[in-house]
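**Student:** Need coordinates for the following:
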Amino acid sequence: MRMMLLTAGTRGDVEPFAALARHAASRGHDVRLALPDDADAPEEVDTVALGLDVQRVLSPAGRTPWALAHHVRAEVRPAMRRMLAAAVRETVAFDPDVVVHHPLVLSAPMVADSLGVPRVLVEFAPVATPSEHFPAAGGPTATRDLGSHNRSTYAVPRTAARLFDADVARAAAELPDGRRPARRSPSRATLMAVSPALLPRPDDWPERVHQTGAWYEEAPTASPDPVVGDFLRTGPFIVASFGSMTTGDASARGHAIVTAARSRGLRVLLVTGWGGLVLPAECHGPDVLAVRSVPFDAVLPGATLAVHHGGAGTSHAVARAGVPAVVVPVTADQPFWAAQLHRQGVAAAPIPLRRLSARALVPAMQEALSRRERAAEVGGLMRREHGVHRALDVLESL
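**Tutor:** Reported below is the predicted structural model:
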């Protein structure tokens with residue numbers, strides 16, 4: 001089978017698709033993975049770039065309404081326009097048997113319809129598949145159970161997607177006949193790459209929605225850098241990461257985390273990412289190591305706890321390692337996952353970003369540590385899910 005995989009977003013959106021691409025290729029499928037320009041292209045996978053620099057799109061020069069509006073006009077809209085057109089162009093060139101796509105790749109349905117092949121939607125959080133049991137993950141009410149009104153919250157991501165209708169229409173120029181199909185066919189299936197241990201499947205999802213569990217590379221993880229390895233062997237430590245979340249004062253966040261950890265006698269592996277965390281000069285010491293990135297699956301299993309922003313990928317990686325967490329959500333689906341991790345007993349009550357301080361972190365760390373037994377139990381369940389295998393089984397059944 002020729003599989004066109006299309007993803008857009010940060011590390012948490014790219015690495016699962018890379019794991020699926022590798023596994024599909026190992027089963028003999030012909031796979032091409034389209035991904036952002038600034039993503040780390042996986043080895044031994046046929047990849048193409050989509051003309052999208054995610055870090056640039058997520059890094060506005062200012063936070064005032066004027067600055068944000070200018071950033072949308074100057075960076076976000078042009079980047080989305082390039083990505084939507086490139087997704088069509090590269091899919092047409094590959095001529096696949098199936099199109100598997102991230103929700104942000106809004107032109108995927110159009111090109112699949114034009115080529116007459118099935119498409120499969122991938123969700124890393126429930127944003128496109130409504131349920132009465134919980135609200136849409138990326139909406140303003142993501143942490144509140146609205147009962148019978150939960151289903152209506154899924155209109156928010158649909159409305160946001162319609163803002164790019166003109167850009168999708170423009171991307172039709174890349175189709176073989178240059179025209180957008182008159183009708184949009186529904187997805188053949190939805191792959192919900194979410195662990196049922198973190199989000200039990202609701203009874204109102206249709207049968208075409210397959211909850212596979214999270215996708216990750218199941219081969220033995222490469223050892224971390226020797227400097228990191230030596231640090232981790234020295235004594236109890238926490239892992240702190242805010243990924244690509246640069247909103248606010250990253251240095252103040254680093255200061256709060258290090259100060260709170262020291263009060264509990266814990267050392268800190270500070271993963272700075274794209275600048276989500278910064279280690280201030282006054283916090284330097286032998287009990288703190290700041291690195292830009294690490295293989296989470298290699299360092300998390302030995303951690304005492306984790307402090308993170310609640311992205312879907314990080315939330316699943318920490319929970320899969322059996323490590324309790326303190327979650328400080330910033331945006332998008334992060335408040336949803338922060339609340340869900342707390343409900344499932346693997347994380348402390350979330351700390352709002354505006355209230356993050358050493359004073360708030362100390363009791364939250366204590367609460368997280370009291371959940372170690374539950375975290376270990378959930379981690380054991382998640383490590384038996386084999387989500388990427390189940391996802392490929394679904395694709396092959398098409």
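**Student:** the helices in the stretch 51-200 of the chain, which residues?
**Tutor:** Counting by DSSP state H, counting those that start in this stretch, the stretch 51-200 of the chain has these helices, from start to end: 54-57, 65-71, 77-94, 108-115, 155-162, 165-171.
**Student:** Save the ones you listed as JSON lines, and put in distance to A189 and mean neighbour count too.
**Tutor:** Every C-beta, even on glycine, is put in place using the N, C-alpha and C of the backbone. Output for these, formatted as JSON lines (distance: least, C-beta to C-beta, whole Å; neighbours: other C-beta atoms under 10 Å):
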{"stretch": "helix 54-57", "distance to A189": "26", "mean neighbour count": "19"}
{"stretch": "helix 65-71", "distance to A189": "36", "mean neighbour count": "12"}
{"stretch": "helix 77-94", "distance to A189": "18", "mean neighbour count": "21"}
{"stretch": "helix 108-115", "distance to A189": "12", "mean neighbour count": "23"}
{"stretch": "helix 155-162", "distance to A189": "19", "mean neighbour count": "13"}
{"stretch": "helix 165-171", "distance to A189": "22", "mean neighbour count": "16"}
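**Student:** Tell me which of those helices sits nearest to A298.
**Tutor:** With C-beta to C-beta as the measure, helix 54-57 is the member of the helices of the stretch 51-200 of the chain nearest A298 (23.7 Å).
**Student:** What are the contacting residues of the closest one?
**Tutor:** 8-10, 36, 38-39, 75-76, 79, 244, 274 (C-beta atoms under 8 Å, 6 or more residues apart in numbering).
**Student:** how about low-confidence regions in the stretch 51-200 of the chain?
**Tutor:** The model of the stretch 51-200 of the chain has no residue with pLDDT under 70.
**Student:** Assign A290 to helix, strand or coil.
**Tutor:** strand (DSSP: H, G, I helix; E, B strand; the rest coil).
**Student:** how far away is it from P16?
**Tutor:** Using C-beta to C-beta, to the nearest Å, A290 is found at 26 Å from P16.
**Student:** When those two are compared, which one has more neighbours?
**Tutor:** P16 (26 against 17; other C-beta atoms under 10 Å).
**Student:** My guess is the more buried one contacts G311. True?
**Tutor:** No. With contacts counted by C-beta atoms under 8 Å, P16 stays clear of G311, the gap being 11.8 Å.
**Student:** follow-up on the earlier one: make a markdown table from the contacts of helix 54-57 and add distance to L115 to it.
**Tutor:** Below are these laid out as a markdown table (distance: C-beta to C-beta, whole Å):
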| residue | distance to L115 |
| --- | --- |
| A8 | 20 |
| G9 | 24 |
| T10 | 28 |
| P36 | 23 |
| D38 | 28 |
| A39 | 25 |
| E75 | 31 |
| V76 | 28 |
| A79 | 25 |
| S244 | 33 |
| W274 | 35 |
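**Student:** Which of the residues you listed are buried? Put it as a PyMOL command.
**Tutor:** Buried residues within the contacts of helix 54-57, by 16 or more other C-beta atoms under 10 Å, are selected in PyMOL with:
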select buried, resi 8+9+10+36+39+75+76+79+244+274
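**Student:** In helices, which of the contacts of helix 54-57 fall?
**Tutor:** Among the contacts of helix 54-57, the members found in helices (DSSP state H) are A79.
**Student:** For S107, state which of the contacts of helix 54-57 is nearest.
**Tutor:** Closest to S107 out of the contacts of helix 54-57 is A8 (10.7 Å), distances taken as C-beta to C-beta.
**Student:** That closest one contacts G51, doesn't it?
**Tutor:** No. With contact defined as C-beta under 8 Å, A8 does not count as touching G51 (10.5 Å).
**Student:** shared neighbours of the two, anything?
**Tutor:** Both A8 and G51 are in contact with M83, where contact means C-beta under 8 Å, 6+ apart.
**Student:** got the contact list for the residue of the chain positioned farthest from its centre?
**Tutor:** Within the chain, the residue lying farthest from the chain centre (C-alpha atoms, centre = their mean) is D177, at 34.8 Å. Listed by C-beta under 8 Å, 6+ apart, the contact set of D177 reads S114.
**Student:** Which one of the helices of the stretch 51-200 of the chain lies nearest to T234?
**Tutor:** helix 54-57 (32.2 Å).
**Student:** How far off centre is that closest one?
**Tutor:** 15 Å (C-alpha atoms, centre = their mean, to the nearest Å).
**Student:** Alpha carbons only: can I get it in PDB?
**Tutor:** Coordinates of each C-alpha in helix 54-57 appear next as PDB, following Å, rounded to 0.1, in the frame of the first residue of the first chain:
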ATOM      1  CA  VAL A  54       6.500  26.000  13.000                       C
ATOM      2  CA  GLN A  55       8.800  27.700  15.400                       C
ATOM      3  CA  ARG A  56       8.500  31.000  13.400                       C
ATOM      4  CA  VAL A  57       4.700  30.700  13.300                       C
END
